[in-house]
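Asks: 3D, please:
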Amino acid sequence: MDDDRLWASVSAERQDVLALLSDLRTREWDEPTLCAGWRVRDVVGHLTMATDTPLSTAVVGLVLAGFDVERFLARTAVQRGSVPLPTLLADWGRAVGSRRTPPGGTAGQMLVEVVSHAQDVRRPLGRPRSTPPEVLRDALDTAVRLGGPFRSRQRAAGLRLVAPELDWAWGDAGAPEVVGPGDTLLLGMLGRPAALEALAGTGLDRWR
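Replies: Purely as a prediction, here's the structure:
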């Protein structure tokens, strides 16, 4: 995948999130998302972390979390999301055009982050939007290869994933299938239980 194309998609999707956030009522920032235990403001705090956290700060935070990456990410998201809303919105505005990544990160990884977290926020708020097909295909193609805290590669292993509206599929023919809309398939691959209701197929029990 071409990095310049991926970064252009990342910036466009971040800009869409900025427009959404700019339209939110104050109380909506404290609404729950599809990320267990995270409010809208916490998801935004998490997303800004990749673009403006010094490596030294991240290392200290990871040590304090006992080198538990998920605990570190959760603590940081809540901490960063608890700043005043004008500050949080300004932080996100500065992130829109950034090409910075966490150590070892990629443009594709940043695309998966913004596409999935946009859905994490939009769906519970009742503010739906379908990700552009070409962007969603790139996010899915990346997600099936992501290990680490994403664990989407592990969830996809041994399955055939199918998004009919995108004419997209991954995995061996004849393997147990998980079928559904691309945005929902991405969320399921990333471990969001709420996504499973809109998916189907013989491979779905493995995700449950």
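Asks: drop to CA atoms for contacts and neighbour counts, all remaining ones
Replies: Fine.
Asks: and the residue of the chain most remote from its centre, what's its pLDDT?
Replies: When distances to the mean C-alpha position of the chain are computed (C-alpha atoms, centre = their mean), the maximum falls on Gly174, with 28.8 Å. Looking at Gly174, its pLDDT is 92.
Asks: quick one: residues contacting it.
Replies: Gly174 makes contact with Arg160, according to C-alpha atoms under 8 Å, 6 or more residues apart in numbering.
Asks: compute the first-to-last residue distance for stretch 151-166.
Replies: 23 Å (C-alpha to C-alpha, to the nearest Å).
Asks: hmm, I was thinking of stretch 33-47
Replies: 14 Å.
Asks: in that stretch, which residues are buried?
Replies: 33-35, 38-47 (16 or more other C-alpha atoms under 10 Å).
Asks: coming back round to it: three-state assignment of the residue farthest from the centre of the chain?
Replies: coil (DSSP: H, G, I helix; E, B strand; the rest coil).
Asks: state the distance from it to Leu34.
Replies: In terms of C-alpha to C-alpha, Gly174 sits 31 Å off from Leu34.
Asks: one more: Val114?
Replies: 14 Å.
Asks: likewise for Trp168?
Replies: Applying C-alpha to C-alpha to Trp168 and Leu34 gives a distance of 24 Å.
Asks: one more: Pro181?
Replies: Distance from Pro181 to Leu34, by C-alpha to C-alpha: 17 Å.
Asks: now Leu199
Replies: Relative to Leu34, and taking C-alpha to C-alpha, Leu199 is found at 16 Å.
Asks: just the ones of the buried residues of stretch 33-47 in helices?
Replies: Within the buried residues of stretch 33-47, residues falling in helices by DSSP state H are 40-47.
Asks: which stretches of this structure form helices?
Replies: Under DSSP H, the chain gives helices at 3-23, 40-52, 55-64, 69-81, 85-95, 107-125, 133-143, 152-156, 182-189, 204-207.
Asks: and the longest one, C-alpha only, in CSV?
Replies: What follows is helix 3-23 as a C-alpha-only set of coordinates in CSV (Å, rounded to 0.1, in the frame of the first residue of the first chain):
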residue,chain,number,x,y,z
ASP,A,3,2.1,5.5,2.3
ASP,A,4,1.1,8.9,0.7
ARG,A,5,-2.3,7.5,-0.1
LEU,A,6,-2.7,6.1,3.3
TRP,A,7,-1.7,9.3,5.0
ALA,A,8,-4.1,11.3,2.9
SER,A,9,-6.9,8.9,4.0
VAL,A,10,-5.8,9.2,7.6
SER,A,11,-6.0,13.0,7.4
ALA,A,12,-9.4,13.0,5.7
GLU,A,13,-10.8,10.6,8.3
ARG,A,14,-9.4,12.6,11.1
GLN,A,15,-10.9,15.7,9.6
ASP,A,16,-14.3,14.0,9.5
VAL,A,17,-13.9,13.1,13.2
LEU,A,18,-13.0,16.8,13.9
ALA,A,19,-16.3,17.9,12.2
LEU,A,20,-18.2,15.4,14.3
LEU,A,21,-16.6,16.5,17.6
SER,A,22,-17.1,20.1,16.8
ASP,A,23,-20.9,19.4,16.5
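Asks: since that was my last question, I'll sign off now.
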